[in-house]
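Q: Structure for the following, please:
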Amino acid sequence: MTIFDRLQNKSDIQTLKTECYCLLAECHMSLALHGKSELELAAQKALELLDYVSDITTVDGKILAIMGLITGLSGQAKVSHILFEQAKIHPTDIASLYYYRALVHFHNEKIEEARICIDKSLQLEPRRRKAVVIKECVDMYVPNPLKNNIKLYYNETESESHRVIIDNILKLKQLTRICMR
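A: Numbering: from 1, shown residues only. This is a model prediction of the structure:
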């Protein structure tokens, strides 16, 4: 099922608009993860879209989950956790929720939690390509006992897209640390 198939199955225009704005917000964050946009600008644009959506509809699980992703990648782990927990209470796409949580855990070097979340996402929706890519990125990380100051590193990979995602998550972490000082 493609994104457009899911959108065509929506019964009303309001739901369709909400879904489109949420997807656009997610695209901005994906561009940051792929190094095509700066995190701060991407987060600002994504939040503006979600703010608009919250003005035209009630806040639902999808909006809360994307807000959890944005705050988690912006270094606000506690706020992110609260938003993810609130998203579970509302009707939402649970596979996406686990995917977003995996990204935030990966960003925060909580590799085991990231593995658990990405596995749950793939159990619910095995053909989700973006989750498969992140699963492969997470699986490339291994403990590094030789370097105390660098907790994790990743094995060599043949996939340029995996390297780009991992490198950009590391850059986002450095930027977050600098901004939090």
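Q: what residues are up against the residue sitting nearest the centre point of the chain?
A: Centroid check for the chain by C-alpha atoms, centre = their mean gives residue 100 as the closest residue, at 3.5 Å. Residue 100 makes contact with 65-66, 68-69, 72, 84, according to C-beta atoms under 8 Å, 6 or more residues apart in numbering. Any C-beta I mention is one placed from the backbone N, CA and C, and that applies to glycine too.
Q: let's see it at 6 Å
A: Residues in contact with residue 100 (C-beta atoms under 6 Å, 6 or more residues apart in numbering) are 65, 68-69.
Q: Most neighbours among the residues you listed, which one?
A: Neighbour tally across these (other C-beta atoms under 10 Å): the maximum, 29 neighbours, falls on residue 69.
Q: My reading is that it lies in a strand. Confirm?
A: No. Counting by DSSP: H, G, I helix; E, B strand; the rest coil, residue 69 is not part of a strand but helix.
Q: Now residue 101: which helix or strand?
A: Assigned by DSSP states H and E, residue 101 falls within helix 94-107.
Q: where's that helix relative to the chain centroid, distance-wise?
A: Averaging C-alpha positions (C-alpha atoms, centre = their mean, to the nearest Å) puts helix 94-107 5 Å from its chain's average.
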